[in-house]
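>>> Please work out how this folds:
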Amino acid sequence: MANRLESCSLLAAALVASGCLPDFIDDTTRVASPRILAVRAEPAEAKEGEMVTLEALVAAPPGSETVLPAWSLCIDRKPLSELGPVSTRCLAGPNPGADIAAVVEPGPPAVATLPENACQLFGPDRPDPKPGEPSGRPVDPDSSGGFFQPVLAWLGAEPVLSGVRLGCGLIGAPPDVTQSYNQRYHPNQNPELEPLELLRNDGSVEPLDESAAHELRPSERVRFRVKWPNCPEEGECGGAEQYVVYDALSQTLVSQRESFVVSWYATSGNFAEPRTEQAFGGDDELPGTVNSWAAPTAGQVDVWAVAHDDRGGQSWAHGTLIISP
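Next up, the predicted model:
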């Protein structure tokens, strides 16, 4: 989200009115000033009252001062009459009041405790009615069956809205379906990306080691590649996991497999696409995606690939390049 989420501001890793968590997407790949490209919770899915570690990918041009974000958990349920992805009172500032948002110590690491009533505020549990307002109703799940605790990361006055996937359990399903769901469902894991790779036009492949910068010629055109694990049909995995979703219409469990979207960013140069999806992978090859990039005329360039899965997990890979004659 470029310094404000779509509909509310940035990363449009925003929570929509239905309570789902859309893709963390920005409308530009250029990092011209310090900005947050992604927000990751570890674990990626947690239950009410559990602790999570929050990490922000703060990207900046070379030589910029390191900036730490401020953090808050929105605990103000959005009124039914209010449009937008989250209560506007939570966007008023990093510390809008204890009844609106819980301030998280910045760390690092930033450690937050999810509210004991998060599934009532933002999930499938029916909320308590507020004085003078109509009775509330549970939040609708997203397409992955998920619910999210809103998380705000702040660089100054600019909020970046993301969320922690809530492990609320299944509500309203027949007992046998609930039992099967509890046996088959596993919490989401954040993606585990392989090192970013530089694919040169001569066919050579160079892993972008974090400890070294790789040289390119001015205006040279290359490709970047990033891979992730090839997940089995069942079990936890740092790649595109298979999971079950409850279909209320048929009252059955439906198996789904996550898809990955990778957003690309750099401090200079131009990508062919701002976002790419899985383009290769199979039984004998790790899945992954590629993107073409044209180098600038000179200077140091930092490059990031940020992966988002369907259930709110995020991770990233980084590399440094030197453009010289």
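>>> Tell me which helix or strand comes right after the lowest-mean-pLDDT helix or strand in the chain.
Here the helix or strand of the chain ranked lowest by mean pLDDT, DSSP states H and E is strand 280-282, holding a mean of 82. Going down the chain from strand 280-282, the next helix or strand is strand 285-294, by DSSP states H and E.
>>> Tell me where this structure has helices.
Taking DSSP state H to define them, one finds helices in the chain at 118-122, 175-184.
>>> Quick check: which ranges of this protein have low pLDDT?
By pLDDT under 70, the low-scoring segments of the chain are 1-27, 133-135.
>>> How is it partitioned into domains?
1-169, 174-325 (automatic domain parsing).
>>> The ones you listed into JSON lines, with extra columns for mean neighbour count?
All C-beta atoms are positioned from the backbone trio N, CA, C, and that covers glycine. Shown next, in JSON lines, are the domains of the chain (neighbours: other Cβ atoms under 10 Å):
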{"stretch": "domain 1-169", "mean neighbour count": "19"}
{"stretch": "domain 174-325", "mean neighbour count": "17"}
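>>> How many residues are close by the closest residue to Tyr181 other than its chain neighbours?
Counting by Cβ to Cβ, 6 or more residues apart in numbering, Leu170 is the residue found nearest to Tyr181 once chain neighbours are left out, at 4.8 Å. Per other Cβ atoms under 10 Å, the neighbour tally for Leu170 reads 18.
>>> distance of Leu170 from Thr276?
Separation of Leu170 from Thr276 (Cβ to Cβ, to the nearest Å): 34 Å.
>>> how about the strands in the stretch 201-325 of the chain?
205-207, 213-216, 221-227, 242-247, 252-257, 260-266, 270-271, 275-277, 280-282, 285-294, 299-309, 314-323 (DSSP state E, counting those that start in this stretch).
>>> Would you convert those strands into a markdown table that also reports distance to Phe147?
A markdown table is the format used below for these (distance: least, Cβ to Cβ, whole Å):
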| stretch | distance to Phe147 |
| --- | --- |
| strand 205-207 | 38 |
| strand 213-216 | 42 |
| strand 221-227 | 29 |
| strand 242-247 | 12 |
| strand 252-257 | 16 |
| strand 260-266 | 20 |
| strand 270-271 | 33 |
| strand 275-277 | 25 |
| strand 280-282 | 30 |
| strand 285-294 | 27 |
| strand 299-309 | 16 |
| strand 314-323 | 17 |
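>>> Out of the ones you listed, the one nearest Pro96 is which?
strand 314-323 (25.2 Å; Cβ to Cβ).
>>> The closest one to strand 221-227, inter-axis angle?
Put simply, strand 314-323 runs at 150 degrees to strand 221-227, going by axes from the mean of the first three to the mean of the last three Cα atoms, to 10 degrees.
>>> re the thing from before, out of the strands of the stretch 201-325 of the chain, which comes closest to Thr53?
From the strands of the stretch 201-325 of the chain, taking Cβ to Cβ, the stretch that ends up closest is strand 314-323, at 13.2 Å.
>>> Can you tell me which helices and strands the closest one packs against?
Contacts defined by 3 or more Cβ pairs under 8 Å, 6 or more residues apart in numbering; DSSP states H and E place strand 314-323 against strand 35-42, strand 213-216, strand 299-309.
>>> Just the C-alpha atoms of the shortest one, please, in CSV.
I take that to be strand 213-216. Output in CSV follows, covering the C-alpha atoms of strand 213-216 (Å, rounded to 0.1, in the frame of the first residue of the first chain):
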residue,chain,number,x,y,z
ALA,A,213,26.2,-6.7,-4.0
HIS,A,214,26.0,-8.0,-7.6
GLU,A,215,27.2,-5.8,-10.5
LEU,A,216,25.2,-5.0,-13.6
